[in-house]
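J.: no FASTA, just this:
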C-alpha cells in the first residue's frame, strides 16, 4: 500500500469551500489532512513533515523545492475583510503596531504597505496570545482570519490590507497557494485540483452549515475571497515575492 500524501490546509473559515470538495472526493483515500494555522503549516512543509500545503505566499522562498501545484488558493481583488489593521485612531496617529503571530504573509504585507503606501514609521511588536485586548490609543494591530471578521464592528478605523495592496499596485493579492515540496503524481494532482473546484459550486450549502453571526459568509466566499488563481492573481503574487525579496 502506498503511503498517504500528507496535506495541510489552514484552519480558517476561508478554506471551507476548498475543503468541502476535497473531503467529498476520492482523493481523500490517498491523503491525510492536517489542518493548522498558517505559520505552523509553513514550518511543517519546510521540515518535510508534510507533502502539500495551503501555504502563506511569503513562506514560498523558505520551502526547499517549492512548487505551486494547483489552480486554487486564497486571494482577494480589493477588500478581503479578514486581513486588516485595526485601530482606534487614524493611520497618521498610529505609533505602535502588533503583528499577528499566525501569518508571515499578512505581516510582510502590512510592513510593505506601511512603507510604500502609508509612508509610516511605527514600532512593530510581535503579538502575544491576547494582544487584541491591548489595541487602544495609538497602538493598533494586524488581525487576520476568523478573528478579524469578529472584530469588524469593534474598532473605529480598519485598514484592509488587500485593498491597500490593490491601491498600491493595481493587482489582486494572493494570501495562500497550494504548494508542494516534491513532485506529486500527476493523476493525484489532477483529481485534487478538480476537488478544489467542486467545493466552489456548493457555497450556499457551506454557508448553511457554518453558523457565523459576525459577518455574511456568502459575501465573504463570493466577493471578498477569490479562489481561482488566474493570470492576474499570479502576477500579483510574483510582484509581492519580488518586493519582499528586495
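T.: Okay, I see it. Computed from a prediction, not measured in an experiment: that's the story for all the values here. Numbers count the residues shown, from 1 in each chain.
J.: CA only for contacts and neighbour counts going forward, please
T.: Will do.
J.: Can you find the helix or strand in the protein with the smallest mean pLDDT?
T.: None of the helices or strands of the chain scores lower by mean pLDDT, DSSP states H and E than helix 38-47, at a mean of 90.
J.: Report the buried residues of that helix.
T.: For helix 38-47, a neighbour-count test (16 or more other CA atoms under 10 Å) marks 38, 39, 40, 41, 42, 43, 44, 45, 46 as buried.
J.: Other residues contacting it?
T.: Helix 38-47 is contacted from outside by 8-10, 35, 50-56, 59, 62-64, 101-104, 180-181, using CA atoms under 8 Å, 6 or more residues apart in numbering.
J.: mind listing the helices for this protein?
T.: Assigned by DSSP state H, the chain shows helices spanning 16-23, 38-47, 104-116, 145-151, 161-169, 186-199, 203-208, 217-219, 231-245.
J.: Between helix 38-47 and the third one, find me the angle.
T.: What it means is helix 104-116. 110 degrees (axes from the mean of the first three to the mean of the last three CA atoms, to 10 degrees).
J.: mind listing what's buried in helix 104-116?
T.: Neighbour-count burial for helix 104-116 [16+ other CA under 10 Å]: 104, 105, 106, 107, 108, 109, 110, 111, 112, 113, 114.
J.: How about the fifth one?
T.: Residues 161, 162, 163, 164, 165, 166 are the ones in helix 161-169 that count as buried (16+ other CA under 10 Å).
J.: same thing with the last one?
T.: Neighbour-count burial for helix 231-245, counted by 16+ other CA under 10 Å, picks out 233, 234, 236, 237, 240, 241.
J.: Specify the angle between it and helix 161-169 in degrees.
T.: 90 degrees.
J.: Would you pull up how far helix 231-245 lies from the middle of the chain?
T.: Counting by CA atoms, centre = their mean, to the nearest Å, helix 231-245 is centred 14 Å from the centre of its parent chain.
J.: on contacts alone, who are the packing partners of that helix?
T.: Applying 3 or more CA pairs under 8 Å, 6 or more residues apart in numbering; DSSP states H and E, one finds that helix 231-245 contacts strand 173-180.
J.: Find out how far the strand it packs on is from the centre of the chain, if you would.
T.: On CA atoms, centre = their mean, the centre of strand 173-180 falls 8 Å from the chain's centre.
J.: Any stretches of this structure with poor pLDDT?
T.: Low-confidence segments of the chain (pLDDT under 70): 1-2.
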